[in-house]
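S.K.: Return a 3D structure for these sequence lines:
(one chain, ligands or ions: 1)
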Amino acid sequence: MERDTVILRAKWVLPISHDPIADGEVVVEDGQIAEVRPRSGASGSEVLDFGDAILMPGLVNGHCHLEYTALRGLDDRTPFFDWIRRLVELKAQCPAELWLPSSLLGAAEQIASGVTFVSDNTDSGASAEALARAGLRGRVYQEVFGIEPEPDDATILQTLKAKLDALRAMLARYEATERITLGVAPHAIYTVRDSLMRAVRRYASEQRLPLSLHAAESSEEVALARSGSGSFAEMFTQRKINYLHPRTPPIEYLHNAGVLASDVQVVHATRAEPRELEMLARAGASVAHCPRSNARLLTGIAPVYAMRRLGIPVVLGTDSAVSAGSLDIWEELRFAALAQRATSYAAQPSWRDWVGLLTLEGARVFGVDAQVGSLEVGKRADIIAVRTHRLAFMSMPDPYAALTLAARGEDVALTMVDGRVLYRDGAFTTLAPDALRAETLRILQGVGLG
Ligand SMILES: [Zn+2]
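M.R.: Now for the predicted structure:
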């Protein structure tokens, strides 16, 4: 039987695990990478020559909330506390039917910017279905909230189990259990009480589910944890919530509560103190760095340079479109790289390191580096082509510098997962963004938000 072979060609091939290949090609057979080599005269059943472009592994978006994509632009409050209060109000106004089309729109934006692996924290669960339907790879963390006295921990855990069961059944229906794995996200220390945080940690350990949580993001959160003061504390007093603040900064609290471990992703850590960074490093926990969201919400710039010196694995994430404004991971990359240079006065991480964070290192953090993250024979064919013919790419001999300093979502010409083309030159194969946009607008207008 003849094999289903596609040859992808471009001016540059960036395997990530090896040095770039000028004028190279990648041979894809049955969804898998069969060869990575200099251009040959070979012909397959299909040859896609992208010319002035870079072929590279698909990108990893290390933290997102796809379901909020349709709420973009509806919340422009700052600082952080006011922003998150407004987001909670907006969510309460939205009907449940909004979350799936909103997540699918987010998935489309990811595909169009070359992302093939999305790590998403979801309340509704809709992002898991969106990733499955879109044909993307990913990790979906089911969120848990519980700061009011009721419902109790046992009831919340029962609900969590039911939601995870429903997600597993849905993924099985889409035959997506290999591509998309599940985790649990106790949202943050100001939305999850101490007893529940510990109960979720125990449950996740029993079930071998990884954890993701937002921590040390804002000064308001740190004030709450350290001294029981500030905006969160005032809100709890008004709502008659008896919040026992731990009298330590947030990550130190998580350490003391036994939450930190190598399966934990700490999102943000913008306000992490040096002692807390050492706790993260010792635990083997990773950090999701979302610098545009942090800048937008006035929460600071995470000490990525220091994190990496301690060996803390770092992934880049866009966070939601409500905070970052767009899900274009290239914008995140550029902002991240330049902000670190501006604050650390060091040329580290290098351009190559940053592209590594978006690919192989990102895949390693999510435990999928044996399958994806680099262009190597035997790995799954999660591949993108980035066109480099715009003037901004002129005289950029280093492809890593070109990608970090000049690339943007619109330059992506091809997004492929498992050898399946999800996007090519502006056309989607699994999603219909125009219809999704019309549907989300209709739902938003129905509740007076459109
Ligand atoms: Zn987030």
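S.K.: Please enumerate the strands of the stretch 51-200 of the chain.
M.R.: 53-57, 59-64, 115-122, 137-144, 180-186 (DSSP state E, counting those that start in this stretch).
S.K.: what about this protein, any weak spots by pLDDT?
M.R.: Scanning the chain for pLDDT under 70 picks out 1-3, 44.
S.K.: again, only this time at 50
M.R.: Counting by pLDDT under 50, the chain contains low-confidence ranges at 1.
S.K.: domain ranges for it?
M.R.: Domain ranges of the chain: 5-57+375-433, 59-365, per automatic domain parsing.
S.K.: Could you export the ones you listed as JSON lines, including mean neighbour count and distance to Arg442?
M.R.: Where you see a C-beta, it was placed from the backbone N, CA and C, and this is true even at glycine. Shown next, in JSON lines, are those (neighbours: other C-beta atoms under 10 Å; distance: least, C-beta to C-beta, whole Å):
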{"stretch": "domain 5-57+375-433", "mean neighbour count": "18", "distance to Arg442": "15"}
{"stretch": "domain 59-365", "mean neighbour count": "21", "distance to Arg442": "9"}
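S.K.: Of the ones you listed, which is nearest Leu444?
M.R.: In terms of C-beta to C-beta, the element of those nearest to Leu444 is domain 59-365, at 6.4 Å.
S.K.: returning to what we had before: make JSON lines out of the strands of the stretch 51-200 of the chain and add distance to Ser262.
M.R.: As requested, those are arranged in JSON lines below (distance: least, C-beta to C-beta, whole Å):
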{"stretch": "strand 53-57", "distance to Ser262": "24"}
{"stretch": "strand 59-64", "distance to Ser262": "16"}
{"stretch": "strand 115-122", "distance to Ser262": "16"}
{"stretch": "strand 137-144", "distance to Ser262": "15"}
{"stretch": "strand 180-186", "distance to Ser262": "13"}
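S.K.: Of those strands, give the one that comes closest to His268.
M.R.: So among these, strand 59-64 is nearest, using C-beta to C-beta, at 8.5 Å.
S.K.: In the sheet, which strands lie alongside the closest one, parallel or antiparallel?
M.R.: strand 115-122 (parallel) (DSSP bridges).
S.K.: Could you tell me how far the strand it pairs with lies from the centre of the chain?
M.R.: 5 Å (C-alpha atoms, centre = their mean, to the nearest Å).
S.K.: Ramachandran angles for Pro15?
M.R.: Reported as degrees, to the nearest 10, the phi and psi values for Pro15 are phi -70, psi -20.
S.K.: Please identify which of the domains of the chain is closest to Leu441.
M.R.: domain 59-365 (8.3 Å).
S.K.: I'd assumed His63 was in contact with Asn121.
M.R.: Yes: at 7.1 Å, Asn121 counts as touching His63 under the criterion of C-beta atoms under 8 Å.
S.K.: right, and the domains of the chain - which one's nearest Gln445?
M.R.: So among those, domain 59-365 is nearest, using C-beta to C-beta, at 11.2 Å.
S.K.: mind listing the strands for the stretch 251-400 of the chain?
M.R.: 264-268, 286-289, 314-316, 383-387.
S.K.: Now distance to Leu160 too, for these, in CSV please.
M.R.: Output for the strands of the stretch 251-400 of the chain, formatted as CSV (distance: least, C-beta to C-beta, whole Å):
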stretch, distance to Leu160
strand 264-268, 17
strand 286-289, 21
strand 314-316, 24
strand 383-387, 35
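S.K.: Ok, which of those comes nearest Pro15?
M.R.: Distance to Pro15, taken as C-beta to C-beta, is lowest for strand 383-387 among the strands of the stretch 251-400 of the chain, at 10.6 Å.
S.K.: Spell out which residues are contacts of both of Asn121 and His63.
M.R.: Residues touching both Asn121 and His63 (C-beta atoms under 8 Å, 6 or more residues apart in numbering) are 212, 267.
S.K.: Okay, Gln93 and Arg296: tell me how far apart.
M.R.: Going from Gln93 to Arg296 by C-beta to C-beta, to the nearest Å gives 22 Å.
S.K.: do His268 as well
M.R.: 12 Å.
S.K.: circling back to that earlier point, out of the strands of the stretch 51-200 of the chain, the one nearest Arg37 is which?
M.R.: strand 53-57 (11.7 Å).
S.K.: That closest one pairs with which strands, and in what direction?
M.R.: Per DSSP bridges, strand 53-57 is paired in its sheet with strand 5-13 (parallel), strand 383-387 (antiparallel).
S.K.: For my notes, please list those in TSV and give distance to Arg198 for each entry.
M.R.: Shown next, in TSV, are the strands paired with strand 53-57 (distance: least, C-beta to C-beta, whole Å):
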stretch	distance to Arg198
strand 5-13	48
strand 383-387	41
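S.K.: Quick check: which of these is nearest to Ala126?
M.R.: Short answer: strand 383-387, nearest of those by C-beta to C-beta, at 24.9 Å.
S.K.: Can I get the domains of the chain in TSV including distance to Gln445?
M.R.: Shown next, in TSV, are the domains of the chain (distance: least, C-beta to C-beta, whole Å):
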stretch	distance to Gln445
domain 5-57+375-433	18
domain 59-365	11
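S.K.: For Val447, find the nearest of these.
M.R.: It's domain 59-365; of these, that one is closest to Val447 (C-beta to C-beta) at 5.4 Å.
S.K.: start to end distance for the closest one?
M.R.: Using C-alpha to C-alpha, to the nearest Å, the end-to-end distance of domain 59-365 comes to 13 Å.
S.K.: when you give positions from now on, start the count at 200
M.R.: In the new count, where the first residue is 200, that last one comes out as domain 258-564.
S.K.: Among the strands of the stretch 250-399 of the chain, which comes closest to Ala365?
M.R.: Here strand 336-343 is closest among the strands of the stretch 250-399 of the chain (C-beta to C-beta), at 9.6 Å.
S.K.: That closest one pairs with which strands, parallel or anti?
M.R.: Checking strand 336-343 against DSSP bridges gives partners strand 314-321 (parallel), strand 379-385 (parallel).
S.K.: so which of those strands gets nearest Met595?
M.R.: Across the strands paired with strand 336-343, closest to Met595 is strand 314-321 (C-beta to C-beta), at 22.3 Å.
S.K.: Tell me what angle the closest one forms with strand 463-467.
M.R.: 90 degrees (axes from the mean of the first three to the mean of the last three C-alpha atoms, to 10 degrees).
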